[in-house]
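> Okay, sequence plus prediction incoming.
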Amino acid sequence: MLYKLTAVAGWAWLAFIIYATVSPLHDRPTLTSSADLEHIGAFSVLGGLFCVAYPRHTVLVCLIVLGSATLLEVLQLVTPDRHGRFVDGIQKIVGGAGGITAGRAFLSFERTSRWF
């Protein structure tokens, strides 16, 4: 049941990230005053959710999370009032990789706790 809920949450979170990334600048939701923190935080949550939702498909999770970070930065280049920056893409990739690592650690701790 946990895996199904995290899968739904992960896909919903990805849809929200897509909306926030490619929507016009005045429609963009902001949670903090630091866009850098938002990039890292959003993709770390995404990486963690997908990693827990699909524990046996780590390569696919990496492709989805890291690929979406890259693709969304490129898509910002075609929107008139947004700009894709290399630094923003790196921040998103670092956040996604950190979330995937945290998700793998969570799954590892969950498996070892079953032994005791």
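Alright, I've got the coordinates. All of these numbers come straight from a predicted model, not from anything done at the bench.
> Please make it C-alpha for all contacts and neighbour counts, starting now.
Will do.
> wait, isn't residue 43 in contact with residue 95?
Yes - Residue 43 lies in contact with residue 95 (Cα atoms under 8 Å); the separation is 5.0 Å.
> helices or strands up against the top helix by length along the chain?
Counting by DSSP state H, the longest helix found in the chain is helix 86-115. The contact analysis (3 or more Cα pairs under 8 Å, 6 or more residues apart in numbering; DSSP states H and E) places helix 86-115 against helix 35-53, helix 58-75.
> quick check: angle from it to helix 35-53?
Per axes from the mean of the first three to the mean of the last three Cα atoms, to 10 degrees, the angle that helix 86-115 makes with helix 35-53 is 40 degrees.
> can you give me the angle helix 86-115 makes with helix 58-75?
Going by the same axes, to 10 degrees, helix 86-115 makes 160 degrees with helix 58-75.
> Flag the shaky bits of this structure, pLDDT-wise.
29, 31-32, 114-116 (pLDDT under 70).
> swap the cut-off to 80 and go again
Along the chain, segments meeting pLDDT under 80 span 1-2, 24-36, 80-82, 84, 110-116.
> one step back: give me the buried positions along the longest helix of the chain.
Using 16 or more other Cα atoms under 10 Å as the test for burial, helix 86-115 gives 88-104.
> ok, residue 30 - how many residues close by?
Using other Cα atoms under 10 Å, the number of residues around residue 30 comes to 10.
> Share the number of residues neighbouring the residue lying closest to residue 104 once chain neighbours are set aside, please.
In this structure, residue 104 finds its nearest non-sequential neighbour in residue 51, 6.6 Å apart by Cα to Cα, 6 or more residues apart in numbering. When neighbours are defined as other Cα under 10 Å, residue 51 has 31 of them.
> any idea how far residue 51 is from residue 69?
16 Å (Cα to Cα, to the nearest Å).
> do the same with residue 95
Computed as Cα to Cα, the residue 95 to residue 69 distance reads 10 Å.
> which residues are common contacts for the two?
residue 43 (Cα atoms under 8 Å, 6 or more residues apart in numbering).
> check contacts around the closest residue to residue 70 other than its chain neighbours.
Distances taken as Cα to Cα, 6+ apart put residue 89 closest to residue 70, at 6.0 Å, once the chain neighbours are dropped. Contacts for residue 89 (Cα under 8 Å, 6+ apart) come out as 69-70, 73.
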